[in-house]
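Asks: please find the sequence and the predicted model below.
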Amino acid sequence: MKLSVRDRLKLMTCIPTQGSLAKMKVIKGLKKKLSFTEDEHVEFGMKVAKPVVCDSCNNQFVVSDANINPEESTHSCPNCGSIDFTETGQQQVNWNIEAEREADLDFSVEEMSMIAETLEILDSENKVTEEMIDLYEKFSINC
């Protein structure tokens, strides 16, 4: 099945993070298939960004492609130079859409079932976003 970068990222964020041992083994394999190789990171120009706020001056800024643990960070507040900051939002992944190509991924019956179950739960809880419609169409869920 051909999946875009956005499809892969959305699936990785919505599949369960806990469950039975059997379910978690399926999820582990699924996450491995959906993850990006180092070559893909370079090819797509992928960058991770995290919004933070400076603990010293309350300046809000974005830390890109960094471990935002202050003890290990080389980033500092552009306003006051402090390296003490707190995460304020969700991590964002940016990429060069023009360089993107779909990945052709093969899923096992168990993985397909897990994806379908996850998407059906999100639909029943009214948690489907516009960005997820393509996933529902690709997996033929309520289409």
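Replies: Right, received. Where do you want to start?

Asks: would you map out the domains in this structure?
Replies: The record's domain split for the chain, according to automatic domain parsing, is 2-37+107-138, 47-94.

Asks: of those domains, which shows the lowest average pLDDT?
Replies: Among these, domain 47-94 has the lowest mean pLDDT, at a mean of 77.

Asks: first vs last residue of that domain, how far apart are they?
Replies: With C-alpha to C-alpha, to the nearest Å applied, domain 47-94 spans 5 Å between its terminal residues.

Asks: nearest to E100, of the domains of the chain?
Replies: In terms of C-beta to C-beta, the element of those nearest to E100 is domain 2-37+107-138, at 5.3 Å. All C-beta spots, glycine's among them, are computed from the backbone N, C-alpha and C.

Asks: with adjacent residues omitted, what lies nearest to G29?
Replies: E111 (6.6 Å; C-beta to C-beta, 6 or more residues apart in numbering).

Asks: which strand is the longest one in this protein?
Replies: Using DSSP state E, we find that the single longest strand of the chain is strand 47-54.

Asks: quick check: next helix or strand after that one?
Replies: Counting by DSSP states H and E, the next helix or strand C-terminal to strand 47-54 is strand 60-64.

Asks: and that following strand, what's buried?
Replies: Judged by neighbour count using 16 or more other C-beta atoms under 10 Å, the buried positions of strand 60-64 are 61, 63.
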